[in-house]
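Trainee: no FASTA, just this:
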Ligand SMILES: [Zn+2]
């Protein structure tokens, strides 16, 4: 291979997952790395980054316990420009494109997004956009899989958030198309799929792949990474890491331009408003709060319920005296106040979870958000009331 030109390295370093990477490197060195791997684990912990690391290892000209980071192939892989490393990820459905045009439009959109990723590779795993992997996506993968590789032994395909191959249980077409490719992979083609919801994939796909679980990262490592690679100030980095559940992508969702005002923080605050309204003295707060929600469905609403469940879990921890188990440590004083003023018990709080689940189901059934929130707050008041009849007194 000729000496590489001055390619700019755009990917940030891989954080953590040392044991998984050591196992992968060892399998590769012994020539026993499976041709189809499925990385699964929570959202935003770096599964696709590890997949890119493995792709780099597969094309590296001088691997030794990992990619050398110095050869031309490594440098091309690190700048997302290797001709045999093909990274696919969910995209919004292209407008005004159907049939054969759809596959072309998807490829154009993918290449456009790769340009953006090269410029800013670190991003939040939270997205308001509806994105998917389509039959056209798999068609493009298939076309590349049957072409001769340019410089590596075979093409390497990464498919991020592979569960989005199945937008609904009733439409498994894209997943089935990929399954055919996995059943008879052409030549030296390799596939690395990642998912945070492996249960959504049809069982036939995991059964064709070797699974590898990737775990959340240590919170202190997330904080250090945010400071170093996302230029976040130490205070904000520690705060976002504390809420991250070991996920860099989630931590970034709490931040906006380094400030603690990111989209996930907005959703977390709204969820807390619901809990506060449900435990407030006056029942009318439920009505006022509900009116603050838009009357049409927003994607954030289901995520608000996820945060509401986290707040309830924290309240239960406080009520049980397990303050160190509280996730939202920055709001410990407020949680204390809610538990003491409401005289809440762990038992009452446990009974409230079902109400949130009910609200989630109604939202997925497209019920007006104002009705859902109003109903949820009233339901929570009943669950969290001091006595079964306390509601009547407010
Ligand atoms: Zn190399």
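Mentor: Received the coordinates, thanks. As the structure is a prediction and not an experimental result, all values here were calculated from the model. Numbers count the residues shown, from 1 in each chain.
Trainee: Lowest-scoring secondary structure element of the chain by mean pLDDT?
Mentor: helix 390-393 (a mean of 44; mean pLDDT, DSSP states H and E).
Trainee: which residues does residue 287 contact?
Mentor: Neighbour list for residue 287: residue 374 [criterion: Cβ atoms under 8 Å, 6 or more residues apart in numbering]. Heads up, the C-betas are built off the backbone N, CA and C, glycines and all.
Trainee: just checking, it is part of a helix?
Mentor: Yes: judged by DSSP: H, G, I helix; E, B strand; the rest coil, residue 287 forms part of a helix.
Trainee: Please report the distance of it from the ion.
Mentor: According to Cβ to the ion, to the nearest Å, residue 287 stands 62 Å off from the ion.
Trainee: And residue 158, by the same measure?
Mentor: Per Cβ to the ion, residue 158 is found 18 Å from the ion.
Trainee: Tell me which residues of the helix or strand hosting residue 308 come out buried.
Mentor: Element membership for residue 308, per DSSP states H and E: helix 300-319. Neighbour counts over helix 300-319 (16 or more other Cβ atoms under 10 Å) mark 300-301, 303-305, 307-319 as buried.
Trainee: Likewise for stretch 280-289?
Mentor: Judged by neighbour count (16+ other Cβ under 10 Å), stretch 280-289 contains these buried residues: 280, 283, 285-286, 289.
Trainee: just those residues now: which is nearest residue 117?
Mentor: Nearest to residue 117 out of these is residue 289 (Cβ to Cβ; 38.3 Å).
Trainee: can you pull the contacts of that closest one?
Mentor: Contact analysis of residue 289 by Cβ under 8 Å, 6+ apart lists 273-274, 277, 373-374, 377.
Trainee: quick one: which two of those are the most distant?
Mentor: 273 and 374 (12.9 Å).
Trainee: per-residue confidence at the residue nearest in space to the middle of the chain?
Mentor: Closest residue to the average C-alpha location of the chain: residue 43 at 3.0 Å, with Cα atoms, centre = their mean. Residue 43 is assigned 94 on the pLDDT scale.
Trainee: Now for the residue of the stretch 251-394 of the chain found nearest the ion, how many residues are close by?
Mentor: Of all residues in the stretch 251-394 of the chain, residue 252 sits closest to the ion, with a separation of 28.6 Å (Cβ to the ion). Using other Cβ atoms under 10 Å, residue 252 has 24 neighbouring residues.
Trainee: all strands of the stretch 151-300 of the chain, in order?
Mentor: For the stretch 151-300 of the chain, the strands defined by DSSP state E, counting those that start in this stretch cover 156-159, 190-195, 210-213.
Trainee: Name the residues of stretch 260-280 that are buried.
Mentor: Buried residues in stretch 260-280, defined by neighbour count with 16+ other Cβ under 10 Å: 262-265, 267-268, 270-280.
Trainee: So the residue nearest to the centre of the chain: helix, strand or coil?
Mentor: Once three-state DSSP is applied, residue 43 turns out coil.
Trainee: Correct me if wrong: it contacts residue 247.
Mentor: Yes: using Cβ atoms under 8 Å, residue 43 is in contact with residue 247, at 6.2 Å.
Trainee: okay, and the common contacts of those two?
Mentor: Joint contacts of residue 43 and residue 247 (Cβ under 8 Å, 6+ apart) are residue 125.
Trainee: which non-adjacent residue is nearest residue 293?
Mentor: Of all residues not flanking residue 293 in the chain, residue 369 sits nearest, at 4.7 Å (Cβ to Cβ, 6 or more residues apart in numbering).
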